[in-house]
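S.K.: model this:
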Amino acid sequence: MSNILERLGVNVTGEQFRPNNVAAVIVTAELPAFSRSGSSIDVTISAIGDADSLMGGTLVMTPLNAADGEIYAVAQGTIIAGGVAAEGEGGGVIQGVPTSGVIPAGATVEREIAFEFSSMEVIRLALRSPDFTTAARIEAAINQTFGRGVALMLDAGTVRLDIAATRTSSPAHALVRVENILVEPERRARVVVDQSSGTIVMGEDVRISRVAVSQGNLTLRIEEVPIVVQPNPFAAGNTIVVPNTNAAIEEEPGIGLAEIPDGTSLSEVVAGLNALGVSPRDMIDILKSIKAAGALHAEFIVR
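M.R.: Predicted coordinates for the structure are as follows:
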């Protein structure tokens, strides 16, 4: 705050003040490909100090530096916070994240990244999800569209495109034809679980073999309730604390031994697992055990 006031011509040297409506924030943004000077990009603002909310705040002119130390954009504008907070003497309530917000089109690009796209002779297409089958389909679809060998699969995540073989006037004209080619990617069978929320997501290609499952819960409960024994009022004795422990083991009957039949479709797999009648969190443990038994034919991902 002192630096801002000094740049505005107000001298506050030696003054001790702590304004309540000023927040220290960190500003981040992503510079898209082919961004030119003067274009606008979105920025994200997050409080890094003790600010309670950024609601109604305004970001002063902030330079955005890249890893090379150069300034590529300048951001400023009104912050749109993503939450609300209300606080009283006895407590408060917070909904969303009031200490974080965005400024749509809040930064102006000042420096362009040096990149001569028009002079490229070879372009490599990178797959977001590397897969040999998908890369081979992309190669075949491009060569079929141009009627000659212009694409070559290098590995599971890269397809090489020869610009000269496309016989187009520029790489941009070649990509205009390439980006409109429809290719169906190969989908992997995956089961993704989130242990924190108990969420289970299954892909369409998940298959399960015939397997039997038994599940039950065992609860061990130990309670310490000490008993204080005091002597009579006129007796020459000492107060003694006698330990008192209550231990119990509770075991739920569980589901017994249930059979899950072969599932050749996602609906059959879901129906077989729902027949167990367990909670989502118990279902995660059951899926882990089925995967360990080799009956779950899918990639199991735990987040």
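
S.K.: could you point out which element follows the longest helix seen in the chain?
M.R.: The longest helix of the chain (DSSP state H) is helix 132-146. Sequence-wise, the next helix or strand downstream of helix 132-146 (DSSP states H and E) is strand 151-155.

S.K.: The helix or strand following that next one vs helix 132-146, what angle?
M.R.: Counting by DSSP H and E, the element after strand 151-155 in chain order, helix or strand, is strand 158-162. Put simply, strand 158-162 runs at 20 degrees to helix 132-146, going by axes from the mean of the first three to the mean of the last three Cα atoms, to 10 degrees.

S.K.: So which elements touch strand 158-162?
M.R.: When contacts are defined as 3 or more Cβ pairs under 8 Å, 6 or more residues apart in numbering; DSSP states H and E, strand 158-162 sits against strand 122-126, helix 132-146, strand 151-155. Bear in mind the C-beta positions are built from the backbone N, C-alpha and C, glycine included.

S.K.: what's the angle from that strand to strand 122-126?
M.R.: Using the same axes, to 10 degrees: strand 158-162 against strand 122-126 is 160 degrees.

S.K.: who touches the very next helix or strand once past strand 158-162?
M.R.: Next helix or strand after strand 158-162 toward the C-terminus (DSSP H and E): helix 163-166. The set of residues external to helix 163-166 that reach it, using Cβ atoms under 8 Å, 6 or more residues apart in numbering, is 120-123, 146, 148-150, 171, 174, 177.

S.K.: Stretch 102-115 now?
M.R.: 29, 31, 35-45, 59, 64, 70-80, 82.

S.K.: try stretch 22-36
M.R.: Contacts of stretch 22-36 (Cβ under 8 Å, 6+ apart): 1, 41-49, 51, 54, 57, 59, 62, 64, 66, 72-73, 75, 107, 109, 112-113, 117.

S.K.: Now do the buried residues in it.
M.R.: 23, 25, 27, 29, 31, 35 (16 or more other Cβ atoms under 10 Å).

S.K.: again, but for stretch 197-215
M.R.: Within stretch 197-215, judged by 16+ other Cβ under 10 Å, the buried ones are 200, 202, 206-208, 211, 213, 215.

S.K.: before we move on, what about stretch 100-107?
M.R.: Result for stretch 100-107 [16+ other Cβ under 10 Å]: buried residues 100-101, 103, 106-107.

S.K.: would you list those in CSV and tack on pLDDT and distance to residue 94?
M.R.: Putting the buried residues of stretch 100-107 into CSV (pLDDT from 0 to 100; distance: Cβ to Cβ, whole Å) gives the following:
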residue, pLDDT, distance to residue 94
100, 88, 12
101, 90, 14
103, 93, 22
106, 92, 24
107, 94, 28
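
S.K.: would you list the residues you listed in CSV and tack on secondary structure?
M.R.: Listed next are the buried residues of stretch 100-107 as CSV, based on DSSP: H, G, I helix; E, B strand; the rest coil:
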residue, secondary structure
100, strand
101, strand
103, strand
106, strand
107, strand
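
S.K.: No further questions, thank you.
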